[in-house]
Each structure stands twice: as C-alpha cells, then as structure tokens.
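Colleague: A predicted structure for the sequence below; I have some questions about it.
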Amino acid sequence: MGNVEQESSFDPNEYETGGDGFGLFQWSYDRRRQLEAYGTDLQHQLNFFWSELTGKDSSSTGGEYTWKDSTPTYLSYDDFMSGKGSVDQLTETFCVSWERAGTPMMQNRIKAANKYYSQFSGTKPDSANSQSENITIEATNYQVIANSQKYGDVLFGRRYRVTVSDAQGNGIDVSQLRCTFNIVKTIQMQPNTGEIVIYNLNAKTENAIMMSGARVTVEAGYEGSQFGLIFDGDILQTIREKEDSTTYKLTILALDSDRALNFEIANYSIVKGQTARSILDHIVSASENPVFLGSISDKLEGQTLTRGKVLFGKASDYIRQIAKTYGLQCYMDDGKLNLIHMDDLPEGEAFELNPESGLIGTPQQTDFGISGQCLLNPQIKLNTLIHMDNSLVRAKQINVNGNNTVPGATSTNSDIKQTNSLVRNAIIAEAKRLCDDPNVRYSEDENLRGKTVDGITYYDCSIFVKHCYETAGLDLLDITTNQWQQVKAKGLYNIDIQAAMAGDLVFWFDGDVCYHVAIYGGNNDVYAARSKNKSADEQVSYGPIYGEYKIGRPESLIRADGGELPSASGQSTTDNSAQGTFRGLDKDGIYRTISLNFVGDTRGNDWFINFTSIDQLGGTIPIVSN
C-alpha cells in the first residue's frame, strides 16, 4: 500500500506526467499494453497485478510473472510472500523486485507503508533498525455500554498505561511507576497539550527517554469498557528535576499532532473537478507526518474546482481554508483530523452524565453552555454530546459591576444579539464570497478598484473592507490610513486577539503609517485583498493572520453589536441601564463538549475531567485555550 500511494495515490486512472505510466502501479511500455489488452478498470488491474506477482491465471489476464529476486540486498520471493521481514524491508523488496521502480522516493514509500500498517493492525510496525523489543499497544474499546452508569462497579478500579517510544517504535512502559498527567484538548486547530510527569525512573531509562523519546501515549480509565487512549503526542521537551531530598521526577511536555500542524508542507498541484473532500484526502495521503481522518462533514462533497490549483505552503493553512469555506470547525485529536459542522449530529450516542455515571460536584452555567467535572472517562471526547438534568446545574451569576454576555433589552429593541449576529455574519459572508470568486482580483489603479471590467472585479485592501461593511449596512471611510484614524477617533483599537470577533478590522503598519487592512475572520484567520504580485486566485483570499498588527472595531460596528463606547467613568454613554442577560440552559439538557482537561495521578486522588460545553443553540463558539 505504501508503494501504491507513492505511485498513484490509489487512483486507478492516474497517468504519469511526462511518462508512459498508468494505473495503480503505473504500468508502462509492454506491461501497460498487456494490461490495456485485458482491461483497465479497478478489478481488472487487481487481477492483472496478482498474475504478475504470482504467475497465476496468466492465460486469462495476459499478465506474466515479473518478479526478479535481488538477494541478498533484498528479500527473496518466498520470504516476501510469507512476510518474513520488517515493513521497511517488505516495502523496499516489492519496489525493487516487482515494480522495479527507482529508489529516490523510497523513504516516502516506507513512511506510507508504516502508516497503513499502524492503521489496519492497530500496532506499531517492527522496524528494520529496531534495537529492542517493541511494545504492542492494544486496541481500546470506545463503545459506551448502554445504561452502564447505573452500575457502580463500572467506574471502580483505576486502569492506566503510560508508554514512551522512540522514532523507531521501540517503547518503554512506565506504568508501574507513579505518573501524573495534565492533558488539555480544545476544538480548535491548534495542538493539544500534555504534561506527563514520571517519578523515580532509573538512570538508564531516564537517559533513554531524554535522548531518544519521540512519542508518548496515555491510556486511562477504569476496569471494563471505560478504558482507552486519552493522549497520543509528539514529545517537545523533557525536564529532569528533584522534587525533594528523595524524589526525582521527569516532566515530559508533548503536543498532539504538532508535526502535522506546524511542519507539514503542501507542495503539489490539484487538477480541476476535485471536491473539497478529495483535496483533503490528497493532503492527508501526501503527508510526510502521518495524519488520519476522524469525523469529516458531508458538506465537503458536491462542489468541485472549476480549474486546477497549485498548493504550496503549510498544509494546515489549506485545511483551515477548506474549513472556513464550508463553515466548518477543524481540530486534531489523538492524531486524527476532524472537520465538523456545528449543525451535524456527532457520531455515537449522547452520554448520560449524572452522579451515578461519574459527575462530580455541581456543574456551572457559562455564557454558552455549562462547565463541570466528572470522573475520568475516555468515551467523553471533543465534540461529544452529553445529556444532563438541568436541575443539577448552578445558574450563572449576574455580574452587577460589568457587562454580561448579551446586552439587556430595551422597550424599543429586544433582539440586539440577533442584530449583532446578522451584521457580523453579513460582513463575513460578503468577504467570503469575494475571496471564493475566481473573477475577483487585486488592483490599486483608481480606474479599476471597486469596479468591474471585462468580467473581472478589482479591489485593493481598503475598498475591499469598505465594500464588505457597506454590504452589511455600516459606514466606513475609504483609504487605509483614513480607516485607522476613524477607528482611533471613534472606536476601539489595540483589541487583543483573544477578544477579537469575526468582522473586526486588522491593521498593519510601517512605522507609524498604516499600509494594509483586512477583515478578521475568527480562529486567527483574515479576509483580505492582498497583492497583485500573488497568483490570480490568491490576490483576494483568506489565510492566517501574520506579522505585527493591531485589531480595531469601528464605532458603527460597536453600535451594531448593541453596545456603546465607554465613557471616562467606565459607564455606558446612554441612559439605558437595563440589566444584562445571558441565554438560558438548553431546553433538552443536551450539550456539546468543546474543551477537555484530563487530570490524573496514578498514586494520588486526582482522576477526573474538567469539561466545557456549548448548548445546542449554536452560534459563535467561545475561544477556548490551552
């Protein structure tokens, strides 16, 4: 499978660029002619391949036995067919002895082969370079047994396993020692974090982890079905220290999917006619750092590219762009990429959370849902639906000294929050439409900016944001410097990105002079008319925020939000003194988890999850941070 991925990415209709290759294995010359004489659909290609590999049914397929032993450098035919070798050796042998392909991309083939071996076997493959016995990590059971919360013995008897392995898959199980962990996961496109502390390791094992440790996994829960993987991450740093006169500890800082998010580079072209789902599949399959697909929304199917597209840059940036285009939330969890729509029903059943099933203490109502604590349970994941009796939840306390989530209603306007959402949504919708339109380009020419000529509409950065604001019914000056002065004179500026909202303005400066402006899209992305020096489809586009910038909010947008600029006394400049309010608890008691904090001590009392959720009303998800 690793060789097939390198040859054709599993596309039976793949043609070699600049060569004669065709099909799954890129048959060429006489071998291709023989295949075409037999048939070229997927089943015919598989039959033909088997005849070439084994010599069977050659009379009906036309495929001749083509294996050529290259011993002792590579495995013999008998050893290959019986699987006598590591995944690396089997992959190399197949490439050289059957495909007889070149070897410059051999490491790509081996990486892909190991990825598929892990995916379908549930274990880490043996490496040709292994120096010690590997640990086989058992598959975990993520099924929730119906009504399990009614039986106390289900949540009795802690069970855990902490494993540290090197780049070759050689592992060390440290579960017999005292271990603590603090793992934070959020429903955002950022690496989840894990801090694992191991106590009183012997010097040899400690040195091995510090010098060679590459990956750490934590499995935890209780005896029975409620046990499973809660963290799988790349080791970022190890810190050795002495806690007291007799206790040494090794702290491991790890990030889930750090390499895939921050170091994976996309460098290839996509032909026209591809759906967003097929583009996503290609990004994942071409990944140097193994990434698997988790929950993927069906909304990525349907719409296709009207022309080819060249991808060059961070793969995670393109994944964010796909998510932004289709209104999806993207996040990583235990090495799996998830793109979900908040209207989609999550996979699996809702988890009934109450004192009998592990709820600890009293949950607290928050701005967007509820937060609380429960016994550690790996079946509670990001984007899990939990059901809770609302009578168990403590109501959110009104803040009498400051603003609450939703401005209070007045006798003339009882739907300020809806107006806020509609205005900002209108700004973002227009910005997104322009960025997705292939007939929108960049120009600073006064005869072109803001105008349509020969079917092409041109914008520079300032006229782009002005147009999007005017579409939403808001006034904004033209020219970047004027827009910055307008925000400074009557508005809010220097807004921290954690407090920024989709629709705010982002400004860049050269010294004291503002030279560029964009629309903040949320999740650290911006919509902008960027530059005429970029390719046509990137001149007006969206992407990650960059460099040094300032975020501002014009007065017109503040008023559309239903707010007022603060006066010197810190009070509203209007006479409206109605008490702020916030939305109530979900009427059905159903909440979606958006942040999880796993805390455990294998020799102590801590063994729980702190969770944050959003109710089923939806809306803008609050920023959750690790």
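Modeller: It's in.
Colleague: okay, residue 283: pLDDT?
Modeller: Per-residue confidence (pLDDT) for residue 283: 85.
Colleague: hang on, it in a helix?
Modeller: Yes. Counting by DSSP: H, G, I helix; E, B strand; the rest coil, residue 283 is located in a helix.
Colleague: what is the neighbour count of the closest residue to it other than its chain neighbours?
Modeller: The spatial neighbour of residue 283 that comes closest, neighbours along the chain excluded (C-beta to C-beta, 6 or more residues apart in numbering), is residue 315 at 5.3 Å. (Each C-beta comes from the backbone N, C-alpha and C, glycine too.) Burial of residue 315, expressed as a neighbour count using other C-beta atoms under 10 Å, amounts to 24.
Colleague: convert the longest helix anywhere in the chain to CSV, retaining C-alpha atoms only.
Modeller: Among all segments of the chain classified by DSSP state H, the helix with the greatest residue count is helix 416-436. As requested, the backbone C-alpha atoms of helix 416-436 are provided in CSV (Å, rounded to 0.1, in the frame of the first residue of the first chain):
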residue,chain,number,x,y,z
ILE,A,416,-29.9,43.1,19.9
LYS,A,417,-28.0,39.9,20.0
GLN,A,418,-29.6,38.7,16.8
THR,A,419,-28.8,42.1,15.1
ASN,A,420,-25.2,41.7,16.3
SER,A,421,-25.0,38.2,14.7
LEU,A,422,-26.7,39.3,11.5
VAL,A,423,-24.4,42.3,10.9
ARG,A,424,-21.2,40.5,11.5
ASN,A,425,-22.4,37.4,9.5
ALA,A,426,-23.2,39.7,6.6
ILE,A,427,-19.7,41.2,6.7
ILE,A,428,-18.1,37.8,6.7
ALA,A,429,-20.4,36.3,4.1
GLU,A,430,-19.6,39.1,1.6
ALA,A,431,-15.9,38.8,2.4
LYS,A,432,-16.0,35.0,1.9
ARG,A,433,-18.0,35.4,-1.4
LEU,A,434,-15.4,37.7,-2.8
CYS,A,435,-12.5,35.5,-1.7
ASP,A,436,-14.1,32.5,-3.3
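Colleague: could you point out which element follows it?
Modeller: Helices and strands here follow DSSP states H and E; after helix 416-436, the next one along the chain is strand 440-442.
Colleague: what mean pLDDT does that next one get?
Modeller: Per-residue pLDDT values across strand 440-442 average out to 94.
Colleague: what's it packed up against?
Modeller: Helices and strands in packing contact with strand 440-442 are listed as strand 456-459, strand 540-544; criterion 3 or more C-beta pairs under 8 Å, 6 or more residues apart in numbering; DSSP states H and E.
Colleague: could the ones you listed be laid out in TSV, adding mean pLDDT and distance to residue 593?
Modeller: Converted to TSV, those look like this (pLDDT from 0 to 100; distance: least, C-beta to C-beta, whole Å):
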stretch	mean pLDDT	distance to residue 593
strand 456-459	94	40
strand 540-544	90	26
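Colleague: okay if I get those as a markdown table plus distance to residue 215 and mean neighbour count?
Modeller: As requested, those are exported to a markdown table (distance: least, C-beta to C-beta, whole Å; neighbours: other C-beta atoms under 10 Å):
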| stretch | distance to residue 215 | mean neighbour count |
| --- | --- | --- |
| strand 456-459 | 46 | 20 |
| strand 540-544 | 27 | 22 |
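Colleague: hmm, back to that, what's near enough to touch the residue nearest to residue 283?
Modeller: 260, 264, 265, 266, 283, 287 (C-beta atoms under 8 Å, 6 or more residues apart in numbering).
Colleague: let's see it at 10 Å
Modeller: 260-267, 283-284, 286-289, 291, 337 (C-beta atoms under 10 Å, 6 or more residues apart in numbering).
Colleague: what's it sitting at in phi/psi?
Modeller: In terms of degrees, to the nearest 10, the main-chain angles of residue 315 are phi -60, psi -40.
Colleague: tell me the domain ranges of the chain?
Modeller: Recorded structural domains for the chain (assignment: automatic domain parsing) are 2-121, 152-351+600-605+613-626, 416-560.
Colleague: out of the ones you listed, which gets nearest to residue 363?
Modeller: Residue 363 lies closest, by C-beta to C-beta, to one member of those: domain 152-351+600-605+613-626, at 9.0 Å.
Colleague: so the closest residue to residue 532 other than its chain neighbours bridges to which residues?
Modeller: Closest residue in space to residue 532, ignoring its immediate chain neighbours: residue 442 at 4.7 Å, by C-beta to C-beta, 6+ apart. Beta bridges link residue 442 to residue 459, judged by DSSP bridges.
Colleague: ok, back up a step: mean confidence score for the longest helix of the chain?
Modeller: 78.
Colleague: summarise which helices and strands that helix is packed against.
Modeller: With contacts defined as 3 or more C-beta pairs under 10 Å, 6 or more residues apart in numbering; DSSP states H and E, helix 416-436 has these neighbours: helix 315-325, helix 461-471, strand 513-522, strand 525-529, strand 540-544, helix 555-560.
Colleague: let's go with 7 Å and repeat that
Modeller: Under the contact criterion of 3 or more C-beta pairs under 7 Å, 6 or more residues apart in numbering; DSSP states H and E, helix 416-436 touches helix 461-471, strand 513-522, strand 525-529, strand 540-544, helix 555-560.
Colleague: compute the inter-axis angle for that helix and helix 461-471.
Modeller: 140 degrees (axes from the mean of the first three to the mean of the last three C-alpha atoms, to 10 degrees).
Colleague: what's the spacing between helix 416-436 and its chain's center?
Modeller: Helix 416-436 has its average C-alpha position 24 Å from the chain's average C-alpha position, going by C-alpha atoms, centre = their mean, to the nearest Å.
Colleague: which other residues reach it?
Modeller: Under the criterion C-beta atoms under 7 Å, 6 or more residues apart in numbering, residues 325, 406-407, 409, 440, 464, 468-469, 471-472, 474, 501-503, 519, 521, 527, 540-542, 560-562, 619 lie in contact with helix 416-436.
Colleague: buried among these? Make that a ChimeraX selection.
Modeller: To isolate in ChimeraX the members of the contacts of helix 416-436 that are buried, counting by 16 or more other C-beta atoms under 10 Å, one can use:
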select :325,406,407,409,440,464,468,469,472,474,501,502,503,519,521,527,540,541,542,560,561,562
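Colleague: can you give me the neighbour number for the closest residue to residue 528 other than its chain neighbours?
Modeller: In space, and not counting its chain neighbours, residue 528 is closest to residue 518: 3.5 Å by C-beta to C-beta, 6+ apart. Per other C-beta under 10 Å, the neighbour tally for residue 518 reads 24.
Colleague: pLDDT at residue 518, what is it?
Modeller: At residue 518, the predicted lDDT confidence score is 96.
Colleague: return the distance of the residue lying closest to residue 264 once chain neighbours are set aside relative to residue 398.
Modeller: Counting by C-beta to C-beta, 6+ apart, the nearest residue to residue 264 once its immediate chain neighbours are dropped is residue 315, at 4.1 Å. Using C-beta to C-beta, to the nearest Å, one gets 45 Å for the distance from residue 315 to residue 398.
Colleague: same check, this time on residue 474
Modeller: Taking C-beta to C-beta as the measure, residue 474 falls 30 Å from residue 398.
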